[in-house]
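Trainee: Just a sequence and a predicted model for now, questions to come.
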Amino acid sequence: MGARALRRADGRVEGVLARDLPHPAERVWAHLIAPEFLPLWLAEGRVEPRLDGFARLDFGQSGSAIDSPVTQVIPLQALDYSWSGPGEPERPLRWRLRAVGPAETRLLLSVTTPEADDPARALAGWDAHLEMLAAALEGVPIKFPFQHFQAARAALSAELIEGDVQAAM
């Protein structure tokens, strides 16, 4: 599992997942928004990188769908939307990219979820998808890494139960 930080406040948990990817920001950004890359690591669908755009992703077999307005876009740097479907609570996703070298990008993903939603499961799922993103960027897409997900969920559950979480967002 990559680097992470957890914070709890007001009945919500925010997790920040980090990856250093040996690819330029342009390539990472394309994988976050381009319909031809999204199925390689996330789901079929479309992310329209503009403020009046939408993130519409269909996770198929899980029955989950994202249908959310895009709330922030700074090309090659920031992309925000919620991973909620219609009528569901807001679950903000905040993607941040920062070049850390000519061909390396630091990706930060902030995931916020209601505490009642099982945040360990949600964060572990996104952590697994970041593993899939790293593989897709290398040109060797992988299926959902279920063992990675299980290990991440167990570690995150333990942290949340032990209260080893920052108290304020």
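Mentor: Yep, that arrived. Residues are numbered from 1 along each chain as shown.
Trainee: Would you mind checking which helix or strand in this protein has the lowest mean pLDDT?
Mentor: strand 3-9 (a mean of 79; mean pLDDT, DSSP states H and E).
Trainee: could you say what helices and strands that one packs with?
Mentor: Applying 3 or more Cβ pairs under 8 Å, 6 or more residues apart in numbering; DSSP states H and E, one finds that strand 3-9 contacts strand 12-21, helix 119-137, helix 146-162. Every residue, glycine included, has its C-beta placed from N, CA and C.
Trainee: of the ones you listed, which approaches R96 most closely?
Mentor: Of all the helices and strands packed on strand 3-9, strand 12-21 sits nearest to R96, with 9.1 Å by Cβ to Cβ.
Trainee: Of all the residues in that closest one, which ones are buried?
Mentor: 12-17, 19, 21 (16 or more other Cβ atoms under 10 Å).
Trainee: Which member of the residues you listed is positioned nearest Q77?
Mentor: L21 (14.5 Å).
Trainee: Report the contact partners of the closest one.
Mentor: 28, 104-107, 133-134, 137 (Cβ atoms under 8 Å, 6 or more residues apart in numbering).
Trainee: ok, which pair from those is furthest apart?
Mentor: Spanning the widest gap among these are E104 and L133, at 14.7 Å by Cβ to Cβ.
Trainee: Just the pLDDT at the closest residue in space to W126 that isn't next to it in sequence, thanks.
Mentor: Spatial nearest neighbour of W126, chain neighbours left out: V111 (5.1 Å); criterion: Cβ to Cβ, 6 or more residues apart in numbering. The model reports V111 with a pLDDT of 95.
Trainee: Can you list phi and psi of V111 for me?
Mentor: Main-chain dihedrals, V111, degrees, to the nearest 10: phi -120, psi 120.
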